[in-house]
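Asker: have a look at this fold, sequence not included:
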């Protein structure tokens with residue numbers, strides 16, 4: 001994760017590495033932003049596919 005990421009409330013949920021949780025109370029109509037910024041480094045000669053979960 002990059003420094004721009006909002007710090008998560010919990011990490012490695014249910015012992016699953018990399019699973020993050022943000023937990024907070026919000027009033028009806030209240031808007032909160034959770035920033036998530038990350039970087040991946042990978043060897044040039046290898047391919048990588050990132051598929052968003054749906």
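Answerer: Everything's here; your move. What you see is a predicted model, and the numbers here were worked out from it, not measured in a lab.
Asker: residue 5: neighbouring residues, count only.
Answerer: 13 (other C-beta atoms under 10 Å). No exception for glycine: its C-beta is placed from N, CA and C like everyone else's.
Asker: go on, residue 17?
Answerer: Residue 17 has 7 neighbours, counted by other C-beta under 10 Å.
Asker: cool, and the one 5 residues further on?
Answerer: By other C-beta under 10 Å, the residues close to residue 22 number 12.
Asker: for it, what are its contacts?
Answerer: By C-beta atoms under 8 Å, 6 or more residues apart in numbering, the residues touching residue 22 are 6, 8-9, 34.
Asker: excluding chain neighbours, what is closest to it?
Answerer: Nearest non-adjacent residue to residue 22, counting by C-beta to C-beta, 6 or more residues apart in numbering: residue 34, 5.0 Å away.
Asker: cool, and residue 40?
Answerer: That would be residue 48: by C-beta to C-beta, 6+ apart, it lies 7.1 Å from residue 40.
Asker: and the one you found, how far is that from residue 32?
Answerer: Taking C-beta to C-beta, to the nearest Å as the measure, residue 48 falls 31 Å from residue 32.
Asker: ok, how many other residues are close to residue 37?
Answerer: With other C-beta under 10 Å as criterion, residue 37 counts 10.
Asker: least trustworthy helix or strand in this structure by mean pLDDT?
Answerer: The helix or strand of the chain with the poorest confidence is strand 20-21; it has a mean of 93 (mean pLDDT, DSSP states H and E).
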